[in-house]
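J.: Here is a sequence with its predicted model. Questions after.
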Amino acid sequence: MKEKEQWGSHIGFLLASIGAAVGLGNLWGFPYKMGVSGGFAFLMIYILLAILVGFVTMTAELVIGRKTKKGALLAYRDLKKKYAFVGWLPLLASLFFLSFYVSLGGYCIKYAVANFGDIIHAPFGVGGADPTAYFEAFTQNPLAVSIFAIIFMAITVLVVMGGVEDGIEKFSTITIPILFALLCIVIIRSLTLDGAMEGVKFMFQPDFSVFKGTGWISILSVAGAQMFFSLSLGFGVILTYGSYLPDDVDIGQSALIIPAADTVVAILAGLAVMPAVFSMGMAPSSGPGLLFMTLQGVFDKMGVFGPFFGFVLYLLVLIAALSSSIPILEVPVAAYLDHKAEKGETGSRNRAAILFGVLVGIVAVVISIDGLGTSQLPHPFGLSLLDLFDFLSEGSLMPLASFFTCIIVGWILGEDWLEKEMTKNGNPFRFRRFTMICLKYVAPVSMLLIILGQVNTFFSLGLF
């Protein structure tokens, strides 16, 4: 039986994990969700959730992964047979999520190519078209959206086929430093625009008016869903990455570094986007279109340098999107390889990556055909297919999987079990009491509130 794959280095694991966290959740989701949720109020709740929920949930997932040496599907069953059902939640969440995520990834390729087209004055550029009309024309062109989604999926599959060390780790060690460099370029330009400081004030000037009445639950729900999306919790990604860890790695240290780095990038993404939005007199609450309509309008107003900064930003977003899609595809691939290994067989990573890539790609094409809900396809519960798959993954399965993870580790396996795993090779168990209190009480309650808020938002129940 083939030996379990491992990371080539600790820094490679950290960069891959940070890459998994630093995706569209940061560069697309964080700025617009902050925009519609009151700026600083959203930021404050997000940081609190990252500390009280994100850190401890990531700790639990990494420990389960390393302890069992299995991916998400079989890891919970190895803890105890009756927990096997929990493993299906992150597996399904990863497949549902990836099915619409690759469509958004295709948008990133399209806009990077279009802005490059403007740089070289090619006919495939934006060409000064109205940003809203350009975006709508693209989203309502199912063939174009499908082609770009398939290209994005193909890149993801190719990297996963390379394996843990030669594929995922190598990709991350090259692209994550490039991502940070590109982000810094965009931030510098954004902050030097006239009126940019209004965007900075929006992010950091306290305003708690959105908390009135039950408004805080809505902010908690949006920030919580964003945290799961951003930190890749509940997907099985962190757990699967943990299964490739050797026993001498300090899990507590890793569980601190990854959310901290992710939160820093999320704030930097806000600094790249919000100053530019305010500088051009545009609305920070323009929703999901902030990245593909509002910002394209910003670049169009920058004159001759606009296409260059547009190309840099969308290339940055594309790298970030791939750094998340790759580990999400690794979740079902790892489940397949674990299943084969249990039977004493050597599974083909290439075959698994292609199989799941094709499966996800087919669903992604259907979602692409639906656009943003403008097609004649059936829309269950009145939701576009993109929103439906978003709710099934980010809005329900991910927080539910994390809820059960915290219950299992915090209440059933307990502190002694967690300490034994955390302190392997003499590593310290930092923040022991804090971790246990959050695992047992704070995180589960927060997750239930997040799920309630997501149901209320997606189905417009008007509960608060």
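T.: That came through fine.
J.: what about residue 157, distance to residue 363?
T.: Here the distance between residue 157 and residue 363 works out to 15 Å (C-beta to C-beta, to the nearest Å). (C-beta placed from N, C-alpha, C; glycine too.)
J.: what about this structure, any weak spots by pLDDT?
T.: 1-3, 210-211, 213-215, 285-289, 372-374, 460-464 (pLDDT under 70).
J.: The nearest residue to residue 292 once chain neighbours are set aside: which element?
T.: Closest residue to residue 292 apart from its sequence neighbours, by C-beta to C-beta, 6 or more residues apart in numbering: residue 135 at 5.1 Å. Assessed by DSSP states H and E, residue 135 sits inside helix 131-139.
J.: Can you give me the buried ones in that helix?
T.: Using 16 or more other C-beta atoms under 10 Å as the test for burial, helix 131-139 gives 131, 134, 135, 136, 138, 139.
J.: which helices and strands sit right next to that helix?
T.: Judged by 3 or more C-beta pairs under 8 Å, 6 or more residues apart in numbering; DSSP states H and E, helix 131-139 is in contact with helix 142-161, helix 295-300.
J.: hmm, back to that, with distance to residue 284 added, can I get the buried residues of helix 131-139 in TSV?
T.: Putting these into TSV (distance: C-beta to C-beta, whole Å) gives the following:
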residue	distance to residue 284
131	16
134	21
135	18
136	21
138	23
139	22
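J.: Among those residues, which one lies nearest to residue 404?
T.: residue 139 (36.1 Å; C-beta to C-beta).
J.: where's the closest one relative to residue 156, distance?
T.: Computed with C-beta to C-beta, the distance linking residue 139 and residue 156 is 21 Å.
J.: With adjacent residues omitted, what lies nearest to residue 134?
T.: Spatially, and ignoring its direct neighbours in sequence, residue 134 is nearest to residue 126 (5.9 Å; C-beta to C-beta, 6+ apart).
J.: how close does the one you found sit to residue 421?
T.: With C-beta to C-beta as the criterion, residue 126 and residue 421 are 52 Å apart.
J.: try residue 208
T.: Relative to residue 421, residue 208 is positioned 40 Å away (criterion: C-beta to C-beta).
J.: So which of these two has more stuff around it?
T.: The residue with more neighbours, out of residue 208 and residue 421 and counting by other C-beta atoms under 10 Å, is residue 421; that gives 20 against 13.
J.: Checking that one next. Helix, strand or coil?
T.: Three-state secondary structure (criterion: DSSP: H, G, I helix; E, B strand; the rest coil) places residue 421 in helix.
J.: For the closest residue to it other than its chain neighbours, pull up the helix or strand it's in.
T.: The shortest distance from residue 421 to any non-neighbouring residue, by C-beta to C-beta, 6+ apart, is to residue 63 (4.7 Å). According to DSSP H and E, residue 63 maps onto helix 55-68.
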